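K.L.:
predicted model and sequence follow; I will ask about them next.
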Amino acid sequence: MTKQEKILEVNNLKKYFPIKKGFFKKVVNHVKAVDDVSFFINKGETLGLVGESGCGKSTLGRTLLQLLEPTAGRVVYNDQGIKKNLAEIKGDELRKLRRNIQMIFQDPFSSLDSRLSVRDIVAEPLTVQKIGKNREARTEIVKELLEQVGLNSYQMNRYPHEFSGGQRQRIGIARALALNPELIICDEPVSALDVSVQAQVLNLLADLQKELGLTYLFIAHDLGVVEYISDRIMVMYLGKIVEVADSEVLYENPGHPYTEALLKSIAIGDPFSDKKRVALEGTVPDPANPPLGCKFNTRCPYSKEVCHQEEPELVPTTETGSYVACHFRDELELESVKSRY
Amino acid sequence: MSSTNCVINVNNLHTFFNTENGIVKAVNGVSFSIEKGKTLGIVGESGCGKSMTSMSVMNLVPRPKGYIAEGEINYYYQDGSKIDLTKFDHDSETMRKIRGNEIAMIFQEPMTSLNPVYTVGDQIIEAIKLHQDYSSKAELRERAIDMLAKVGISAPQNRVDEYPHEFSGGMRQRAMIAMALSCNPRLLIADEPTTALDVTVEAQIIELMDQLQQDMNMSIMFITHDLGVIGDVADEVMVMYTGKVVEKSDTKSLFKEPKHPYTKGLLKSRPVIGRNQRLEPIEGSVPDLLHLPVGCDFYNRCPRAMEICKTEEPPVFEVADCKVKCWLYRKEEQ
């Protein structure tokens, strides 16, 4: 794994949102949406990011792109061998770098401007980045992009409301591809789609990756979808990464009790199975007042004294080499999801 | 069909909408019945008429554009007497008594279906007051607290005075269920009750519904697009496409041996953990309900389409206890 080229490296990234109170808007506390997160993405891979709503996965995606200014930490992007810390770059230079990192959003309805035609939506990044000689040249590029995502180029003068959810998501993908990016952050790109259409879009993303050598950070809450598309998977809980593992290892050999709980709560969807889905008790604690020690200690069935005092670090397990933030990473025998199917 | 065990029997239901561009047949000849204590799952993609079927049962089709054009919705009371709900006005006394007392509903979006300016307790009390005889305020409050406790909300005596925004998504859905069940309905319609929730919360809510169903011997009509959930909760499944039922069978046979090409497609396009196969999506998209094809509605997306499918709409064939609306199952093909 070390031989592969890292396209993005994130070190100790933090994003805190202040909670203000009173007339003078005094900052009384912080919501630690992303709390000291470090990871990397290899070139050409798909890194899945899962977690419950409010765990900070979308905030993390946006902070990487500098759509939200990080509170602390480094986001190092490998621009053809030259490492650049996105958190320090501003203005024109950042705008140029953004060509390489694009985003696909969850909601295909609100992420497209309803008053622009499809041609203008897909051409907008080209105009902003001054790519293409003139309008005609840009239109040609748009036509190609639309064909590439499985739409007809004659549809480019239509408006978003004339398209179905799946087609709109394809438009969003065409727009993200317009600048030939290397890395695409996909924020729940199929959550709003019907099952049959969801499969079409997932296959499209997989095909584009092969064809164009793209790298994805794939944010989702559906563990089935994430398993299907990802090479490695990162699990987040309350702003922290609790486990990073190869996709197969994660499902076969989960290292963190939270991962195990997530996997157990998936609908089995097989009326013949005698296994039952097991619900994780309790709810996610208030992110403004997280528990001391391990953040999962309020819901963890295995928690002991030490979990309430010390926060575990994200380090590899001896058995599988997955990165797990749990004091008992080498002692717990957690249930494999494969045994459930 | 008129066995005493039956709670509801819907027969040849047609729900139409008048629009500027013509009549949209949102529900087009749907029939089913649900027995006491059983769960019927209704699956389909957006726009297939699954929600409109449930709205028709509640007699809550949006007026004046929507109306029930044809069909019967027979509801069977506890004592076995039956009543056809389509014969009553949506705001008639009879309908009001049925809603809440006999049939209750929970919705997909727990935030928008709770009123943000009233406390959760007040909203539950409102439902109880409308439908049941409770004399004192204290008694009503007691009942609301009981209901919240029953759906697993901790410290219900404090929570009863909180507003919906103080509840998390899962708790709001629990509050909705508390409200729906406060009058002991015999049929619960759950319209995508877990779609907006996280997997962990979804598992909790489904566990809760399962347990309450057993306690109260209630029937459930469970509407969802998620085949995984259906496989876990339903006794019988009905697959809908363009307002019509394309397949109906018990859950086990549906998963073991799906018959309609659409059902097969749905099952294949769902990522299943550990399967490691490329997904096989259904090509194309759902046709516009205003411009349905002449023959089978699924013709242009069907991998097994034949000549006859293009010109003639298939009738419903019975194959080993399953009902399938597909020409592949006519006698000559077998």
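P.N.:
Sure thing, it's come through. Residues are numbered from 1 along each chain as shown, chains lettered A, B, ... in the order given.

K.L.:
please count neighbours and contacts with C-alpha atoms only from this point.
P.N.:
OK.

K.L.:
pretty sure residue B:95 contacts residue B:84?
P.N.:
No. The criterion here is C-alpha atoms under 8 Å, and residue B:95 misses it with residue B:84 at 10.5 Å.

K.L.:
more neighbours: which of those two?
P.N.:
When residue B:95 is set against residue B:84 and neighbours are counted by other C-alpha atoms under 10 Å in any protein chain shown, the residue ahead is residue B:95, at 20 against 15.

K.L.:
who touches that one in this structure?
P.N.:
Applying C-alpha atoms under 8 Å, 6 or more residues apart in numbering or on different chains, one finds that residue B:95 lies in contact with B:59, B:85, B:88-89.

K.L.:
which secondary structure element is home to it?
P.N.:
Here residue B:95 is covered by helix B:93-101, with elements defined by DSSP states H and E.

K.L.:
could you give the mean pLDDT of that helix?
P.N.:
For helix B:93-101, the mean pLDDT works out to 90.

K.L.:
next, the buried residues of the next helix or strand after it.
P.N.:
For helix B:93-101, the following helix or strand on the C-terminal side (DSSP H and E) is strand B:103-106. Along strand B:103-106, these residues count as buried under the neighbour rule (16 or more other C-alpha atoms under 10 Å in any protein chain shown): B:103-106.

K.L.:
so which bits of chain A are right by chain B?
P.N.:
Residues of chain A lying close to chain B (C-alpha under 8 Å from any C-alpha of the partner chain) are A:52-53, A:194-200, A:203, A:221-225, A:227-228, A:261-262, A:265-272, A:277-281, A:338, A:341.

K.L.:
check contacts around the residue in the stretch 1-150 of chain B that chain A sits nearest to.
P.N.:
For the stretch 1-150 of chain B, the residue positioned closest to chain A under C-alpha to the nearest C-alpha is residue B:45, at a distance of 5.7 Å. Taking C-alpha under 8 Å, 6+ apart, we find residue B:45 in contact with A:194-195, B:225, B:240-241.

K.L.:
looking at the residues you listed, which are in strands?
P.N.:
Where the contacts of residue B:45 overlap with strands, as defined by DSSP state E, the overlap consists of B:240-241.

K.L.:
list just the nearest of the contacts of residue B:45 to residue A:243.
P.N.:
Checking the contacts of residue B:45 against residue A:243 with C-alpha to C-alpha, the nearest one is residue A:195 at 28.0 Å.

K.L.:
pLDDT at the closest one, what is it?
P.N.:
Taken from the predicted model, the pLDDT recorded for residue A:195 is 83.

K.L.:
surely residue A:218 touches residue A:228?
P.N.:
No. In this structure, residue A:218 is not within contact of residue A:228 by C-alpha under 8 Å, at 11.0 Å.

K.L.:
tell me the residues of chain B that contact chain A?
P.N.:
Taking C-alpha under 8 Å from any C-alpha as the contact definition, chain B meets chain A at B:45-46, B:198-204, B:207, B:225-232, B:251-252, B:255, B:265-266, B:269-274, B:276, B:278-283, B:285.

K.L.:
narrow those to those that are buried.
P.N.:
Of the members of those, the ones counted as buried by neighbours, 16+ other C-alpha under 10 Å, are B:45-46, B:198-204, B:207, B:225-232, B:251-252, B:255, B:265-266, B:269-273, B:279-282.

K.L.:
could you say which helix or strand holds residue A:73?
P.N.:
Element membership of residue A:73, judged by DSSP H and E, is strand A:72-79.

K.L.:
what residues does that strand touch?
P.N.:
Residues lying outside strand A:72-79 but in contact with it, judged by C-alpha under 8 Å, 6+ apart, are A:6-15, A:36, A:64, A:83-87.

K.L.:
hey, where'd the helices end up in the stretch 201-341 of chain A?
P.N.:
For the stretch 201-341 of chain A, the helices identified by DSSP state H, counting those that start in this stretch occupy A:223-229, A:247-252, A:257-264, in order along the chain.

K.L.:
mind checking the pLDDT average for the shortest one?
P.N.:
Put plainly, it is helix A:247-252. Helix A:247-252 shows a mean pLDDT of 91.

K.L.:
helices or strands up against it?
P.N.:
Here helix A:247-252 touches strand A:232-237, going by 3 or more C-alpha pairs under 8 Å, 6 or more residues apart in numbering or on different chains; DSSP states H and E.

K.L.:
which ones are touching the one residue in the stretch 151-300 of chain B that gets nearest to chain A?
P.N.:
Among all residues of the stretch 151-300 of chain B, residue B:228 sits closest to chain A, at 3.7 Å; criterion: C-alpha to the nearest C-alpha. Applying C-alpha under 8 Å, 6+ apart, one finds that residue B:228 lies in contact with A:267-270.

K.L.:
10 Å - rerun?
P.N.:
Remark: with contacts taken as C-alpha atoms under 10 Å, 6 or more residues apart in numbering or on different chains, residue B:228 is in contact with A:266-271, B:267, B:270-272.

K.L.:
checking it next. Helix, strand or coil?
P.N.:
In the three-state summary, residue B:228 is assigned as helix, counting by DSSP: H, G, I helix; E, B strand; the rest coil.

K.L.:
one more: residue B:30?
P.N.:
Secondary structure of residue B:30, per three-state DSSP, is strand.

K.L.:
am I right that it is in contact with residue B:316?
P.N.:
No. Contact between residue B:30 and residue B:316 fails when scored by C-alpha atoms under 10 Å: they sit 11.3 Å apart.

K.L.:
give the residues shared as contacts by these two.
P.N.:
Residues touching both residue B:30 and residue B:316 comprise B:245-246, with contact defined as C-alpha under 10 Å, 6+ apart.

K.L.:
for these two, indicate the residue with more neighbours.
P.N.:
The residue with more neighbours, out of residue B:30 and residue B:316, is residue B:30; 21 against 18, by other C-alpha under 10 Å.
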